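Asker: My questions are about this predicted structure, shown below with the sequence.
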Amino acid sequence: MSFRRLATIAALSMSLLLGGCRTAQSLLPPNFRAPAQNTGDSLKLAQLQLMQASPCCSSFADFSFRSTLPWEPQKFVLGNGSMVANLNGTQSYFLAFRLPTSVKLPYRVAVKSELNGRWLHASYLFAPTIVLLDEAFQPIRSEDIGLCEHMGWSDDTSGAFGSMKIEDPKARYLLVYSSAEQQAGKTYWEQSPASISTSTAASLQMSSAGSFSIPHGPDGSLWVGLMNNTYENALDNAICKKAAKGDGVLNTLRTVLPLPWSSKSTDNTGSPHGSTP
């Protein structure tokens, strides 16, 4: 076999190996991949882009409410190129809807914010503020929506969920933006990646474990619409904050079901009830 042929085979083998490495890396779950960039840098860049944008609206009457609120949650991407409002001195991307008149009160509007980033520790969320307006575009109610994390079996059931109840018959319009308090806040997040197995030590070192908080940012993907069963179930089972620390399973069982040798099941002599001295 000639030297040239050996060199050609070696080059092809190396190409296949490198291609296999890239394919294996692309198959890793997002939370196991190395962060493409620092979350602080990407967040600062998004904030800078928002501040440099020219706002179109500064009062509630400036908004166009031509779109009707979706009959089920629909995805909207807010970011560079989207329209910007300036409300109470805070710039924000926004969504404006006309509320349906055929829905019986009360009903709920569902929202879900997706992680903005491929790496959990390098991600942030768009945290919504909802304002209800009457037919004269006067605010009836304004609320910073609290988000609760739920990791389901599909994209539809995974994310940071929230909702707002509509019960005022005067409500005609709905505005979604992010207030200064929301943009400066965080959402509690809990992850347990132990159920995902991988054979590489590097991937295990990159996995996100424990509990932490996801910062809020000025842009991202937001789902908005009338509450449906999928979102209601996800929200009912979502994690909104760190669970209170208990006394442990054994202590709880001793309280609920006293054991034969516990103090509650002995007589004055110290012998168990029903036993023979």
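Answerer: Everything's here; your move.
Asker: Stretch 147-166 spans what distance, first to last residue?
Answerer: 18 Å (Cα to Cα, to the nearest Å).
Asker: Which residues are in contact with the residue lying closest to residue 94 once chain neighbours are set aside?
Answerer: Spatially, and ignoring its direct neighbours in sequence, residue 94 is nearest to residue 177 (4.1 Å; Cβ to Cβ, 6 or more residues apart in numbering). (Glycine included, C-beta is placed from N, CA and C.) Each residue near residue 177 by Cβ atoms under 8 Å, 6 or more residues apart in numbering is listed here: 85, 87, 92-95, 128-129, 131.
Asker: one more time with 10 Å, if that's ok
Answerer: Contacts here follow Cβ atoms under 10 Å, 6 or more residues apart in numbering; on that basis residue 177 touches 57, 63, 78, 84-87, 90-96, 126, 128-131, 142, 183.
Asker: In helices only, show me these.
Answerer: Among the contacts of residue 177, the members falling in helices are residue 183 (criterion: DSSP state H).
Asker: thought residue 141 was touching residue 166?
Answerer: Yes: counting by Cβ atoms under 10 Å, residue 141 does reach residue 166; the two are 9.1 Å apart.
Asker: shared neighbours of the two, anything?
Answerer: 130, 132.
Asker: Comparing those two, which residue is more hemmed in?
Answerer: Between residue 141 and residue 166, counting by other Cβ atoms under 10 Å, residue 166 is the more crowded of the two (22 against 14).
Asker: ok, the closest residue to that one other than its chain neighbours - how many residues close by?
Answerer: Closest residue in space to residue 166, ignoring its immediate chain neighbours: residue 107 at 5.5 Å, by Cβ to Cβ, 6+ apart. Applying other Cβ under 10 Å, we find 13 residues neighbouring residue 107.
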